[in-house]
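Q: Quick one: sequence and predicted model below, then my questions.
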Amino acid sequence: MLLGWLIVLAAVTLGWPSTTAFAEPADAPSDEEPTEQISPKAAKMGDVVSIRAKTALGKALVGADDDCSKIVLVLEHFPLSGVKPLSCNRETGLVNFRLERGENDAKQWQGLLGSPTSRSRNVSVGLGTGKSEVVLLGVRLDLVILPRTEWFLFLAFWVFITGLFAYAIKKTGLLLDPADPAEPGNDGRSSQDPQKRRPYSLSRFQMAFWLYIVSVAYVFLWTMLGEYNSLNEKILAVLAVSSGTSLGSNLLDNSRRDARNRDRDDLGKAQANLETEIAALTTTENTDGSSSAVGVSRAIKEGELERVRRKLAAVPRLRDVTRGFFHDILYDANGPSLGRIQMFAWTIILGGVFIWTTYTELAMPEFSATMLSLMTVSSGTFVATKGPSKSAASDDETPPAGGANGSGATS
């Protein structure tokens, strides 16, 4: 879960761009200054960029039918249709743009901002028209992708959220199976002693995994680009599937746990009653001497007691000891579970795609309906394999000694 974000952080944590602080658009240069000029020379998303290029602006206006609103900013040969002039003056050659992403130029911005290996890119500047004509200028712009302040703000959040998750996992049993109230001493907390720690839960791992990477990605895009609407319906669907899987798993586990506890209580009471009756018959037999009728009754009761004891021993007990993270989440009562392996594998694969796409395109991916269906099928298969089975213990249980390799499963 941390590896993908560590790779992204390493890729962009290089030298800071050698640019000056961002400034407000400068006034029109004097006649002695170059005929083409841009201010500021380094700009980030949301900044206003002023370009003085009288000849180039005149050519662009000719191609735009003298309509200033048809002119667009061109960076590194990418025409940005959503970046329209805030103002332009043909006489002075001054035109102002605000750097912001529009709905129709998402691909262009991805080409400019995606896969950052440094915090800024030096790009060519031009003016485009509604007829797809481009007038290149003799100036360049340092396009700041990862501003210094926002970058450290993101790093602070990343360290905080990672530490919070690590603390919760280690101290509160965030990824562990729910405790069984019927088990004494099982209060739902983790333990430093592996012999006392409850097993890990696959459904809880999946839910925490997606919560973590989506939270980090959201804050990354917000601090870097000012994008606070970066979540899309597909990502919400992914979060819903992971939450639903965890909820369904817990409901099924609770139902089966309650049924197991009822069986255990009923058999325990039957055992206690039979032991009391056998003790009374033994006392009667010893007091009255040998009595065939009493001896027969006692033998029958002892037979019944033996059957009750076998049934009680066959009732699966709560497996409250972990056998290791991967064993807990990939094995069920019968050994390696294909349904669990499928769900775990696709969780990691889609999570890797999510991290890489967020880094390369600076936008959360929109998984197709097919990919969402695949995730739903994997989760559904996992929950279905947790259903009742005569040959296997329940998902959070261990079968009696000698059965199913002595291994239980987790939720």
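A: Received, thanks.
Q: Stretch 86-100: which residues count as buried?
A: 88, 93-95, 97, 99-100 (16 or more other C-beta atoms under 10 Å). The C-beta positions use only the backbone N, C-alpha and C, and glycine is treated the same way.
Q: could the residues you listed be laid out in CSV, adding secondary structure and distance to residue 62?
A: Shown next, in CSV, are these (DSSP: H, G, I helix; E, B strand; the rest coil; distance: C-beta to C-beta, whole Å):
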residue, secondary structure, distance to residue 62
88, strand, 13
93, coil, 14
94, strand, 17
95, strand, 14
97, strand, 19
99, coil, 25
100, coil, 27
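Q: Now render those as CSV, adding pLDDT and distance to residue 123.
A: Conversion of those to CSV gives the following (pLDDT from 0 to 100; distance: C-beta to C-beta, whole Å):
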residue, pLDDT, distance to residue 123
88, 85, 21
93, 86, 21
94, 89, 20
95, 90, 17
97, 91, 13
99, 89, 11
100, 85, 16
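Q: Other residues contacting stretch 375-387?
A: 202-203, 206, 238, 241-242, 244-245, 248-249, 252-253, 332, 337, 339-340, 342-343, 346-347, 350, 367, 394-395, 409, 411 (C-beta atoms under 8 Å, 6 or more residues apart in numbering).
Q: In strands, which of those fall?
A: Counting by DSSP state E, these place residue 332 in strands.
Q: PyMOL command for the buried members of the contacts of stretch 375-387?
A: Buried members of the contacts of stretch 375-387, defined by 16+ other C-beta under 10 Å, are picked up in PyMOL with:
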select buried, resi 202+203+206+238+241+242+244+245+248+249+252+253+332+337+339+340+342+343+346+347+350+367+394+395+409+411
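Q: contacting residues for the residue lying closest to residue 95 once chain neighbours are set aside?
A: Distances taken as C-beta to C-beta, 6 or more residues apart in numbering place residue 88 nearest to residue 95, at 3.9 Å, with adjacent residues excluded. With contact set as C-beta under 8 Å, 6+ apart, residue 88 has these partners: 57, 68, 71, 94-96.
Q: which two from those residues end up farthest apart in space?
A: Largest separation among the contacts of residue 88 by C-beta to C-beta: 71 and 94, giving 12.5 Å.
Q: mind listing what the residue nearest the centre of the chain touches?
A: For the chain, residue 210 is the residue whose C-alpha lies nearest the centre (C-alpha atoms, centre = their mean; 1.5 Å). With contact taken as C-beta under 8 Å, 6+ apart, residue 210 is in contact with 238-239, 242, 347, 351.
Q: Reformat these as a markdown table; add distance to residue 296 and pLDDT.
A: Shown next, in a markdown table, are those (distance: C-beta to C-beta, whole Å; pLDDT from 0 to 100):
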| residue | distance to residue 296 | pLDDT |
| --- | --- | --- |
| 238 | 67 | 90 |
| 239 | 66 | 90 |
| 242 | 61 | 88 |
| 347 | 62 | 92 |
| 351 | 67 | 93 |
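Q: Tell me which stretches of the stretch 251-400 of the chain form strands.
A: 317-318, 331-332, 335-336, 397-398 (DSSP state E, counting those that start in this stretch).
Q: Pairing partners for the third one, with directions?
A: The reference is to strand 335-336. strand 331-332 (antiparallel) (DSSP bridges).
Q: Which ones among the contacts of residue 210 lie within helices?
A: 238-239, 242, 347, 351 (DSSP state H).
Q: returning to that earlier point: nearest residue to the residue nearest to the centre of the chain in space, please, no chain neighbours.
A: Nearest non-adjacent residue to residue 210 (C-beta to C-beta, 6+ apart): residue 242, at 4.8 Å.
Q: any idea how far residue 43 is from the one you found?
A: Residue 242 sits 39 Å away from residue 43, going by C-beta to C-beta, to the nearest Å.
Q: Any stretches of the chain with poor pLDDT?
A: Low-confidence segments of the chain, defined by pLDDT under 70: 1-34, 130-133, 179-197, 254, 285-286, 288-291, 294, 316-320, 387-411.
Q: Now do the helices in it.
A: Using DSSP H, helices in the chain cover 2-12, 54-63, 106-113, 148-171, 202-225, 233-288, 292-314, 325-330, 338-361, 369-384.
Q: buried set for the second one?
A: Applying a neighbour-count criterion of 16+ other C-beta under 10 Å, one finds 56-57, 60-61, 63 buried in helix 54-63.
Q: Redo these as CSV? Include distance to residue 295.
A: Listed next are these as CSV, based on distance: C-beta to C-beta, whole Å:
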residue, distance to residue 295
56, 115
57, 115
60, 113
61, 116
63, 114
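Q: of all the contacts of residue 210, which comes closest to residue 275?
A: Nearest member of the contacts of residue 210 to residue 275, counting by C-beta to C-beta, is residue 242, at 48.5 Å.
Q: From what I see, the closest one and residue 202 are in contact.
A: No: if you go by C-beta atoms under 8 Å, residue 242 and residue 202 don't touch, sitting 10.9 Å apart.
Q: can the contacts of residue 88 go into JSON lines with extra columns for distance to residue 356?
A: JSON lines is the format used below for these (distance: C-beta to C-beta, whole Å):
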{"residue": "57", "distance to residue 356": "40"}
{"residue": "68", "distance to residue 356": "40"}
{"residue": "71", "distance to residue 356": "36"}
{"residue": "94", "distance to residue 356": "41"}
{"residue": "95", "distance to residue 356": "37"}
{"residue": "96", "distance to residue 356": "36"}
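Q: rewinding a little: among the helices of the chain, which comes closest to residue 141?
A: helix 106-113 (10.6 Å).
Q: Spit out the contact partners of residue 234.
A: Per C-beta under 8 Å, 6+ apart, neighbours of residue 234: 365-368, 372.
Q: could you flag which of those residues are buried?
A: 365, 367, 372.
Q: and which of those is nearest residue 104?
A: Out of those, the member with the shortest distance to residue 104 (by C-beta to C-beta) is residue 365, at 19.3 Å.
Q: who touches that closest one in this structure?
A: Here residue 365 is in contact with 234-235, 353-354, 357-358 (criterion: C-beta under 8 Å, 6+ apart).
Q: who wins for most neighbours among these?
A: The most crowded member of those, judged by other C-beta atoms under 10 Å, is residue 358 (24 neighbours).
Q: Put together a markdown table for the contacts of residue 234, with distance to residue 174 on each row.
A: Formatted as a markdown table, the contacts of residue 234 follow (distance: C-beta to C-beta, whole Å):
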| residue | distance to residue 174 |
| --- | --- |
| 365 | 26 |
| 366 | 29 |
| 367 | 26 |
| 368 | 31 |
| 372 | 26 |
